[in-house]
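*Asks:* Below is the sequence, then the predicted model.
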Amino acid sequence: IHPTAVRRPDYITVQSENTAYTDNHITAKYLDRGADVLISDGQFTVKPTVKTYEFQTTRKVGKTGIMMIGMGGNNGSTLCATIVANRHQISWHTKDGIQQPNYIGSVLRASTVRIGTEPSTGKEVHVPISDVLPMVHPNDLVFGGWDISGLPMDKAMERAKVLEYDLQRQVKPHMALIGRPLPSIYYPDFIAANQEARADNIIPGTDKQAHLEHIRADIRRFKAENQLDRVVVFWTANTERYSEIIPGVNDTADNILAAIKNSHSEVSPSTIFAVASILEGEPFVNGAPQNTFVPGVIALAEREKSFIGGDDLKSGQTKLKSVLAEFLVNAGIKPLSIASYNHLGNNDGHNLSAEPQFKSKEISKSSVVDDMVDANRLLYKPPVPGAKGKAAKGEHPDHIVVIKYVPAVGDSKRAIDEYYSEIFCGGRQTINIFNECEDSLLATPLILDLTILTELLTRIKYRGEGQTDFAPLYPVLSLLSYMCKAPLVKPGTDVVNSLGRQRNALDSFLKACIGLEGNSDLLLETRIC
Ligand code: NAD
């Protein structure tokens, strides 16, 4: 079932003195062009800059596993079943006819990137983004993981009620072979009380250090048993409440390790999984909104040079918001308020109906327009230095997020958004959007993208001018931002929420690794004679 790791052929070969191919690596020189801006007395002095980097990508795609925390949930079971359907080319009957399995919704499997122009025709050439650099194919992912619910995976898929019956019927024997998820860590204080009934698959005891060791051993065993080169550990379990940030407890690498040793009450299950992955040297991605990455965890990842990424999958409403808000603000239109309502009836919605868990989601969904507003102080008043309250943050649109649990609609989430904006000379514009779709079928391809991209980023090294050795990328993988509602970035650097900018960063980075310039829409040949 799990084809052995192979090196994919290179579909794109860059012929340039800046790009070199060996059996093991693709090495490319890249000129990073930017500008330093000096601001004085309202005057901007801009000096163009050029920095030289070299990127080195290991060509062999290792055998890769994904260990999901929350494997028996809607996303986890849907991911397993759809990979099985794709691997075995299982098609199924729907009332509209026969449906083939596919990876629609995955940026890496279903979208393209522009690599240049064909000289004879002048037409732009687009290639699958997965052909730019060697990437693991989702069919080759080995999956496993944990769940506090011990329901076997075939039954978990039925419970989720996401997939069509005829598909479930056919993948059921394969799902039954996967069996039960591994027992997991359950601290009832962190998820909604309404989840208690399904918590029947739990690692016993309350000793958090013992739990950490248990999870580390699970990761090691999974890796060894499946002869994997890389395991991506992925939180797709229920949203937890926020952990309180307490100086001396979770603020530094040593403190978080000590807090686990002392079984401190503010250490969440997701933080234990993140620390276990970091200490095992395997990447950890957080697909939910809670602050798993307390400062001590980020510091530990930096110290151990182990990769982390998140937070929260950017699937529907927020993805659209990060497009629409940018469109409005960049068009010189001033959103005055954005009001977002959701209702959904799956287990995620049930968990989010509890206030502390809703709070995590609300925070994650709220900051998504901040960078666009901050970038246009013609429309919005800038922060007032030394001021308190709202003025200190600068003017922002009113922004509310409401989520309600409505069991009848199941996994088919409804999202209603109103964008109310100021237009020319005091006019007003109202845009209403109603978005309805199966939540887990939007989320599953994002989990695949995050896993595949994370694996790739662990194989890319860089060196700057004058450096002799290649070094791994910075441990916080902010290139995952496109798929994340609340992107985790290097502490002290700006978060980019705009979907267009996030995508451009991803395309440009992948192209830089083969020595190509980023996307340019200058298209000079079409504008000059
Ligand atoms: P779900 O409730 O169907 O599945 C979550 C699973 O996690 C359940 O099977 C539950 O038993 C398990 N679980 C809870 N605590 C656990 C623990 N400590 N260890 C192991 N397992 C645990 O939810 P879902 O729809 O699959 O969503 C999963 C997560 O992804 C949620 O946090 C959700 O907010 C987030 N998310 C989902 C979407 C989407 O579109 N579906 C978008 C963004 C974020």
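*Replies:* Thanks, I have the structure now. Nothing here was measured: the structure is a model prediction, and the numbers come from that model.
*Asks:* ok, so what distance separates the residue of the stretch 1-150 of the chain found nearest the ligand from Asn346?
*Replies:* Closest approach of the stretch 1-150 of the chain to the ligand (C-beta to the nearest ligand atom) occurs at Gly73, with a separation of 1.8 Å. Every C-beta, even on glycine, is put in place using the N, C-alpha and C of the backbone. Distance of Gly73 to Asn346, computed by C-beta to C-beta, to the nearest Å: 9 Å.
*Asks:* related to what we said a few turns ago, ok, the residue of the stretch 1-150 of the chain closest to the ligand touching Thr239?
*Replies:* No: taking contacts as C-beta atoms under 8 Å, Gly73 lies outside contact range of Thr239: 11.2 Å.
*Asks:* anything in contact with each of these two?
*Replies:* Asp348 (C-beta atoms under 8 Å, 6 or more residues apart in numbering).
*Asks:* circling back: settle it for me: which of Gly73 and Asn346 has more neighbours?
*Replies:* Legend: neighbour count by other C-beta atoms under 10 Å for Gly73 and Asn346, higher for Gly73 (27 against 24).
*Asks:* what's the overlap in contacts for Gly73 and Asn346?
*Replies:* Both Gly73 and Asn346 are contacted by Ala160, under the criterion C-beta under 8 Å, 6+ apart.
*Asks:* do you know how far the residue nearest to Tyr405 when sequence neighbours are not counted is from Asp311?
*Replies:* Take Tyr405 and drop its neighbours on the chain: the residue closest to it by C-beta to C-beta, 6 or more residues apart in numbering is Ser353, 4.0 Å away. Per C-beta to C-beta, Ser353 is found 21 Å from Asp311.
*Asks:* Also Phe143?
*Replies:* From Phe143 across to Asp311, the span is 22 Å (C-beta to C-beta).
*Asks:* Who has more neighbours out of the two?
*Replies:* Using other C-beta under 10 Å as the criterion, Phe143 and Asp311 rank with Asp311 on top: 26 against 22.
*Asks:* Could you tell me what pLDDT the model assigned to the more buried one?
*Replies:* pLDDT for Asp311: 93.
*Asks:* which residues in the stretch 201-350 of the chain form strands?
*Replies:* 230-235, 284-286, 308-310, 334-344 (DSSP state E, counting those that start in this stretch).
*Asks:* could you dump these to JSON lines with mean neighbour count and distance to the ligand?
*Replies:* JSON lines is the format used below for the strands of the stretch 201-350 of the chain (neighbours: other C-beta atoms under 10 Å; distance: least, C-beta to the nearest ligand atom, whole Å):
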{"stretch": "strand 230-235", "mean neighbour count": "26", "distance to the ligand": "8"}
{"stretch": "strand 284-286", "mean neighbour count": "29", "distance to the ligand": "9"}
{"stretch": "strand 308-310", "mean neighbour count": "29", "distance to the ligand": "10"}
{"stretch": "strand 334-344", "mean neighbour count": "19", "distance to the ligand": "9"}
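*Asks:* Just put those strands in a markdown table and tack on distance to Ile185.
*Replies:* Shown next, in a markdown table, are the strands of the stretch 201-350 of the chain (distance: least, C-beta to C-beta, whole Å):
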| stretch | distance to Ile185 |
| --- | --- |
| strand 230-235 | 12 |
| strand 284-286 | 14 |
| strand 308-310 | 18 |
| strand 334-344 | 26 |
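*Asks:* Out of those strands, flag the one nearest Thr493.
*Replies:* Among those, strand 308-310 comes nearest to Thr493, with 14.4 Å by C-beta to C-beta.
*Asks:* chain center to the closest one, what's the gap?
*Replies:* Remark: strand 308-310 is offset 7 Å from the chain centroid, using C-alpha atoms, centre = their mean, to the nearest Å.
*Asks:* by contact count, what packs against it?
*Replies:* helix 269-280, strand 284-286, helix 295-304 (3 or more C-beta pairs under 8 Å, 6 or more residues apart in numbering; DSSP states H and E).
*Asks:* residues in contact with it?
*Replies:* With C-beta under 8 Å, 6+ apart as the contact definition, strand 308-310 has outside contacts at 235, 274, 277-278, 283-287, 292-293, 297-298, 301, 450, 454, 475-478, 480, 484, 486-488.
*Asks:* again, but for stretch 484-503
*Replies:* Counting by C-beta under 8 Å, 6+ apart, 107, 286, 289, 293, 295, 298, 308-314, 318-319, 322-323, 326, 363-365, 367-372, 450, 474, 476, 478, 480-482, 505 sit against stretch 484-503.
*Asks:* is the ligand contacted by it?
*Replies:* No: Stretch 484-503 is not in contact with the ligand by C-beta under 6 Å from any ligand atom; minimum separation 6.6 Å.
*Asks:* measure that stretch end to end?
*Replies:* Start and end residues of stretch 484-503 are separated by 12 Å (C-alpha to C-alpha, to the nearest Å).
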